[in-house]
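Q: Got a predicted structure plus its sequence, pasted below:
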Amino acid sequence: MKKLAPFALACLLIATPSYAQLGGLTKRLEQAQKVADQAKKLSDLHISEKEERAIGETISEKLRTAFGVDQDPAVTKYVSLVGTVLAQSSTRPALNWQFIVLDTDGVNAYAAPGGIVHVTRGLLGLVKNEAELAGALAHEITHITEKHTINAIQKSSTLELASNEVSDSGLTGAAIAKIGEAGFYKVFENRFDRGDEMEADKVGVRVANKVGYNPAGLSSALQKLADRNKDEKEPNGLFASHPQLSERIAAIVKLLKDEKLGSTASVDARYSKTITFTVVPTTAIAMVDRGARGLAGSSAKAEPAKDGKAADEKKTEEKKADAPKKSGLGLGGLSLTKGSQSQNSQNVASAGARGIRPDRDAKGGDNPRIVRVTLTASEIDAFKKGIA
């Protein structure tokens, strides 16, 4: 019997890892089921228009904190007039549409759910007439009307909502905060999938044409972006997600021909009278460290301050970025769209990790206050008559 003891002990030592592995597998299966249940719960969730707006306001606050808001009411009113005319011809004209100009040289635009569209000073400096601005705004408006951000978040398999965060009466504040955090990441990174981008192009072009703008305004703006980024190794800033700009421009040209979209207004004079910004080349844009905006996954390091002034600027940027950093939800592991991603999408992600996208990482102003403007019905009607 004593001779059998070592053999029994050896068997026990060999068998123990198997039990441990079985227990680990069971735990992983349970976790996988939990994730699947959470994903189904989120995808089945009905998000009301009020909740959609609350999510959009969460995203907008983070964008305004990151970049500041241009405080010129004349510029805001002008952009709001262009946007409002387009929104009134969209599929959701009754939304509480709001248009905000972000105070940064980065060329970008962001659509927050519920009707909040953001454009940057850099974008206003890049485009040269009202038709090009209308094309960009109509694209962003379509992301909102078609609920691209909300739908993508609901398809996510990694965003967890506790049962006490969703009730029969709707989402709790905690749930809205989590969804808003995930939405900020998606909007900030311009990471819409191919179908969303193509739909936003197609529908946006139709809306612009319906109002009277030259529908080629969007393709013209996209070409300016392509020319701006010809020396960039990775997609950068506005419309950075796949498909490639060349594919999208070709699709727009085909759409104009197939549907005989023939409006002609570009409204150059009215644009240049109000918008006097000059676009800054990507090589001259001052940037902040990606991590300063609360986005996980960056290995980039902030440059050390060389003097007191630089140190103060660094502190200002860090203070400005507090809101995104305090959110508490780790974004590095979020997968906001299902299915395989194109190589271009992977390039966007890798470029983001290296922090080499100047339009996204451009510095901004310090004032996040929204500039409130009032648009009367007579002002909107008069503005429409000027689209000729």
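A: Looks like it arrived, so ask away.
Q: helices and strands of the protein: which one bottoms out on pLDDT?
A: Ranked by mean pLDDT, DSSP states H and E, the helix or strand of the chain with the weakest confidence is helix 343-354, at a mean of 34.
Q: Which is the succeeding secondary structure element to the helix or strand harbouring residue 125?
A: Element membership for residue 125, per DSSP states H and E: helix 121-126. The helix or strand immediately downstream of helix 121-126 is helix 130-145, counting by DSSP H and E.
Q: Could you list every helix and strand in contact with that following helix?
A: The helices and strands touching helix 130-145, judged by 3 or more C-beta pairs under 8 Å, 6 or more residues apart in numbering; DSSP states H and E, are helix 73-88, strand 109-112, strand 116-120, helix 194-211, helix 217-228, helix 268-274. Quick note: C-beta positions are derived from backbone N, CA and C, even for glycine.
Q: doesn't residue 165 make contact with residue 171?
A: Yes. Residue 171 lies in contact with residue 165 (C-beta atoms under 8 Å); the separation is 7.0 Å.
Q: Between those two, tell me which one has more neighbours.
A: Taking other C-beta atoms under 10 Å, residue 171 and residue 165 do not tie; residue 171 has more neighbours (22 against 16).
Q: does residue 367 sit in a helix, a strand or a coil?
A: Classification of residue 367 using DSSP: H, G, I helix; E, B strand; the rest coil returns coil.
Q: how many other residues sit next to it?
A: Neighbours of residue 367 (other C-beta under 10 Å): 14.
Q: From residue 122, how far out is it?
A: Noted for residue 367: a distance of 17 Å to residue 122, by C-beta to C-beta, to the nearest Å.
Q: Pass me the low-pLDDT residue ranges in this structure, would you?
A: For the chain, applying pLDDT under 70 flags the ranges 1-23, 30-44, 157-158, 162-164, 168, 232-243, 290-292, 294-356.
Q: Run a quick neighbour tally on residue 219.
A: By the criterion of other C-beta under 10 Å, residue 219 has 23 neighbours.
Q: now residue 288
A: Close neighbours of residue 288, defined as other C-beta under 10 Å, add up to 23.
Q: pretty sure it is in contact with residue 361, am I right?
A: Yes. With contacts counted by C-beta under 8 Å, residue 288 reaches residue 361, the gap being 6.0 Å.
Q: Now do the same contact list for residue 224.
A: Residues counted as contacts of residue 224 (C-beta atoms under 8 Å, 6 or more residues apart in numbering) are 126-128, 132.
Q: if we go to 10 Å?
A: 107, 123, 126-128, 132, 279 (C-beta atoms under 10 Å, 6 or more residues apart in numbering).
Q: And residue 90, by the same measure?
A: Counted by C-beta under 10 Å, 6+ apart, residue 90 has contacts 97, 115, 138, 141-142, 144-146, 203-204, 206-207, 210-211.
Q: if we can go back for a sec, which of the helices and strands packed on helix 130-145 sits closest to residue 185?
A: Closest to residue 185 of the helices and strands packed on helix 130-145, according to C-beta to C-beta: strand 109-112, at 11.8 Å.
Q: picking that back up, how about the helices and strands packed on helix 130-145 in TSV, adding distance to residue 257?
A: Formatted as TSV, these follow (distance: least, C-beta to C-beta, whole Å):
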stretch	distance to residue 257
helix 73-88	22
strand 109-112	26
strand 116-120	28
helix 194-211	12
helix 217-228	12
helix 268-274	24
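Q: how about these, which one is nearest residue 247?
A: The stretch from those with the least distance to residue 247 (C-beta to C-beta) is helix 194-211; that distance is 8.7 Å.
Q: for the closest one, packing partners?
A: Secondary-structure packing of helix 194-211 (3 or more C-beta pairs under 10 Å, 6 or more residues apart in numbering; DSSP states H and E): helix 73-88, helix 130-145, helix 148-155, helix 217-228, helix 245-258.
Q: List the buried residues of the fourth one.
A: Neighbour counts using 16 or more other C-beta atoms under 10 Å place 217-222, 224-225, 228 of helix 217-228 among the buried residues.
Q: Which member of these is positioned nearest residue 386?
A: residue 217 (15.4 Å).
Q: Give me the number of neighbouring residues for the residue nearest to residue 214 when sequence neighbours are not counted.
A: Closest residue to residue 214 apart from its sequence neighbours, by C-beta to C-beta, 6 or more residues apart in numbering: residue 131 at 4.3 Å. Using other C-beta under 10 Å, residue 131 has 29 other residues around it.
Q: measure residue 131 to residue 69 for me?
A: Using C-beta to C-beta, residue 131 is found at 25 Å from residue 69.
Q: Next: residue 358.
A: Between residue 358 and residue 69 the distance is 20 Å, computed by C-beta to C-beta.
Q: Residue 184 now?
A: On the measure of C-beta to C-beta, residue 184 and residue 69 end up 16 Å apart.
Q: Counting neighbours, go ahead and name the busier of the two.
A: Each of residue 184 and residue 69 has its neighbours counted (other C-beta under 10 Å); residue 184 has more, 29 against 23.
Q: Does the more buried one lie in a helix or a strand, and which?
A: Residue 184 belongs to helix 173-188 when assigned by DSSP H and E.
Q: now the angle between strand 116-120 and that helix, please.
A: Relative orientation of helix 173-188 versus strand 116-120 (axes from the mean of the first three to the mean of the last three C-alpha atoms, to 10 degrees): 40 degrees.
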